[in-house]
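**Q** Sequence first, predicted model second:
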Amino acid sequence: MIQIAVPATASRTIKRVDLIAARAIGMLWQLMGTIGGIFLRQTNKIASSMAALWATLALAVQPRSWTVPVRAVFLRQMLFTAVDAIPSALRFAAAVGVLLIVQTMMWIDMVGVSIDIIAPFLWRSIVREIAPLLACLVVIGRSGIAISAELGTMRAGGEVEVLDSQGIDPMTFLVMPRVLAVMLSVFCLAVVIAVTMVVTGYAVGAMMGAIRTTWSDFFGEISRNFDVQDLIFFASKTLIAGGFAGVICCLEGISVHGAITDVPRATSRAGIRALTAVFAVSAILSILFYDKFLVFKFG
Amino acid sequence: MNEHSNLKRELPAGPAILEIEAVRFEGQGEMSLSMNQFSSTVGAGELVKVSLQRRHDPRDAASLLIGLHHPPAGSIRYAGQDWLGRDYTRHFQMRSQIGRVFAGSAWIHNLTVRENLWLSMSHHGLATRRIKVNVKRWVQRLAGPRGALVHQAMRKRPSSVEPSILQICQFVRAVCNQPRLLLLERPFRFLVDDLYDRFVTAIDDLRSKGTGVVWFAGDGADHELAFRGPIRHWPVVNDVLIGDGRATS
C-alpha cells in the first residue's frame, strides 16, 4: 500500500476548503428550505381560499341554509355593498371614462384612424378588463375591508363563539351571505361602471369636440361589437374575482386570534391580499379565456 | 331561603344528558378552569353546581361541554352523541337544544336585543308567531315588574342597554326554546335581588320538565339560592374541576 505524505499546510487548506464547501451547501439548503416554506405557505393560502369559496357555493345551493336570519344578513350586505356603493362607482367610472375617451381621441388624431376602428377596442377594454377591475376595487375598498374588520371584531370579542353556542354555523350565517353579496355586487357594479364609462366618455368627448359621430352611431358601433363571448367573460370574471375578494376578506377577519388590537392588521392584510387575488384572477382568466396573453383582438 | 328549600320536593333524576369521561383539558385563558381525568354526568332534571372563586373564568369549560373545544384526552357525549368528526350539521343541531347564559361577551353587537333573542329560534326554523309568544311569555315570567324596561331594551343594541336588563334578556334567550341542557355562567351577576326567586322557580320548572342544568356559581348571594334537589357539586381545587363531587339535596 502506498502512503502519500500530505504536508501540514496542505492539510489545513483542504480542511478549510471542506469547511467552506459545507457552509455553502448548508446555506443553499437553508435558502431552498426558505423558498420551499414560502411556496408551501402561499399554496396553502390559495388552497384554503378556494376551499372556502367552494364551501360557500356548496352551502348557498342548499335551500335549508337560507334561513330568515341568513336572508336578512344577505340583503343587508347587498344593500351596503351594491346599492350604497353606486354613487362612488359612478364617480370613479365617470372619471376613468373621461380619461379613457380623451386618451383614445388623442390616439385617433395621432394615428389618423376613425371611430369605427377605435370603438371596439374601447368597448372591449372596458367590458373585459377595466369595469370588472374597477368594480372589484370599489367593493374591496368600501366593503371588503369593512367585512374583514367586522368579522375580526366579532371573533376577538367572542361573538363568533356566541353564535356557535346557539347552534348557528358561522360559515352559514357570517361568511356565505357576505361572499355571495360581494360576488353579486361586483357583477352589478361592473355593469353600472361599464355603462357609465361609455356614456360619460361620449358626453365629454362630444362636448370637447373630440367625438364627431352621433350617439346612435357610437352606440351602434359598440353594440355591433358586443358578442356572447364578452358577456360570458364579463360574468365569469366579475363573479370569480368577486368571490375570491369576498372569501379572502371574510377569512382574514374570521381568523383573527387574540385581542381586538389585531383587527387593524388583519384588515389591512385582507385588503392587500384581496387586491392581489383580484389582479391575479383577472390575469389568469384573461389568459385562459382568450388563450393568449394579448387579449385584445382588434376588429 | 334555605328553610324554605327543605320544604321543596326533590325532583326525580332522569337519564344522563351530558356524559363526561376521563377528560383532560386546559383552558386558553389564565383564569380558565382545567380538568384532569374528569368524569361525571348531568342527568335530566339534575342541577350541577360549580362553586367558582371570583377570579375563575368558566367560559372555556362551558364551551368544552358543548363541543366548541376538543379535549386532548377523554370524551364528552351529549344525549348519547359525541362532538367528534365532521358532521357539523349534527353538532349545530345538538347545540340548538342547549341554552347558555354567558359570563362575558354574550351578544351580537350589530343586531338589536330583539334580533339577538330571535336569532337562534328563527335560524332553527321556529315560526315567527311562536317565537313572539315564547319571548313574551318568558319576559313576563322572568322580568315581572321590569317587563316594560325589557321590551324597551329590545329595540336597542346590546351596548346601550343596562346590564341588569341585559342579564334578564340573556336568561330569556337561554330558556325560551325549552333547552335540554342549560349552562349558566354566573347567571345572577348584575341581576336585581327581587328577581332571584323568579329565576330559581323558572329553573326548577325547566328541570321538572327534564332540563339538566350546569350552574357555574360564585357570586355574592348564590349560596343563598334554594333550588330543589338533586344537586350535584363539582368542586374546584387549585383551578382544577373535580368530578367526584358528592350528591347533595
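**A** Looks like it arrived, so ask away. Just so you know, these numbers come straight off a predicted model, no measurement behind them.
**Q** for chain B, what's the longest helix?
**A** helix B:128-143 (DSSP state H).
**Q** Go through the helix or strand that comes right after that one and flag the buried ones.
**A** Going down the chain from helix B:128-143, the next helix or strand is helix B:147-153, by DSSP states H and E. Under the neighbour-count criterion of 16 or more other Cβ atoms under 10 Å in any protein chain shown, helix B:147-153 has B:150-151, B:153 buried. C-beta: built from backbone N, CA, C; applies to glycine.
**Q** for the next helix-or-strand element following helix B:147-153, packing partners?
**A** Going down the chain from helix B:147-153, the next helix or strand is helix B:163-175, by DSSP H and E. Packing partners of helix B:163-175 (3 or more Cβ pairs under 8 Å, 6 or more residues apart in numbering or on different chains; DSSP states H and E): strand B:98-101, helix B:113-123, helix B:128-143, helix B:147-153, strand B:181-185, helix B:196-208.
**Q** a markdown table for the ones you listed, including mean pLDDT and distance to chain A?
**A** As requested, the helices and strands packed on helix B:163-175 are arranged in a markdown table below (pLDDT from 0 to 100; distance: least, Cβ to the nearest Cβ, whole Å):
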| stretch | mean pLDDT | distance to chain A |
| --- | --- | --- |
| strand B:98-101 | 95 | 5 |
| helix B:113-123 | 95 | 4 |
| helix B:128-143 | 94 | 8 |
| helix B:147-153 | 93 | 18 |
| strand B:181-185 | 94 | 8 |
| helix B:196-208 | 92 | 17 |
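**Q** what number of residues lie near residue A:45?
**A** 14 (other Cβ atoms under 10 Å in any protein chain shown).
**Q** sorry, that was for residue A:231
**A** 11.
**Q** Can you tell me the element it falls in?
**A** helix A:228-254.
**Q** and if you look at residue A:99?
**A** Residue A:99 belongs to helix A:86-111, assigned by DSSP H and E.
**Q** Now do the next helix or strand after that helix against helix A:86-111, angle only.
**A** As assigned by DSSP H and E, the chain's next helix or strand after helix A:86-111 is helix A:115-124. Between helix A:115-124 and helix A:86-111, the angle comes out at 150 degrees (axes from the mean of the first three to the mean of the last three Cα atoms, to 10 degrees).
**Q** Average pLDDT for helix A:115-124, rounded please.
**A** The average pLDDT for helix A:115-124 rounds to 73.
**Q** So for that helix, what gets flagged as buried?
**A** So helix A:115-124, judged by 16+ other Cβ under 10 Å, has buried residues A:115, A:118-124.
**Q** As a check, name the ranges of all helices in the stretch 51-200 of chain A.
**A** All helices of the stretch 51-200 of chain A, identified by DSSP state H, counting those that start in this stretch, fall at A:68-78, A:86-111, A:115-124, A:131-139, A:145-156, A:159-165, A:170, A:176-207.
**Q** got the residues of chain B near chain A?
**A** B:59, B:63, B:66, B:68, B:88, B:92-98, B:100, B:102, B:104-110, B:115, B:118-120, B:122-125, B:128 (Cβ under 8 Å from any Cβ of the partner chain).
**Q** residues from the stretch 151-299 of chain A in reach of chain B?
**A** A:154, A:157-159, A:161-169, A:173.
**Q** how near is the closest residue to residue A:145 other than its chain neighbours to chain B?
**A** With sequence-adjacent residues excluded and distances taken as Cβ to Cβ, 6 or more residues apart in numbering or on different chains, residue A:145 is closest to residue A:271, at 4.9 Å. The gap separating residue A:271 from chain B is 21 Å, by Cβ to the nearest Cβ, to the nearest Å.
**Q** Surely residue A:271 is in contact with residue A:137?
**A** No - counting by Cβ atoms under 8 Å, residue A:271 stays clear of residue A:137, with 10.4 Å between them.
**Q** Tell me the secondary structure at residue B:213.
**A** strand (DSSP: H, G, I helix; E, B strand; the rest coil).
**Q** Could you report the neighbour count for it?
**A** Residue B:213 - counted by other Cβ under 10 Å - has 24 other residues nearby.
**Q** Now do the same contact list for the residue nearest the centre of chain B.
**A** Taking Cα atoms, centre = their mean as the criterion, residue B:183 is the residue nearest the geometric centre of chain B, at 2.1 Å. Residues near residue B:183 by Cβ atoms under 8 Å, 6 or more residues apart in numbering or on different chains: B:62, B:65-66, B:98-101, B:214, B:216.
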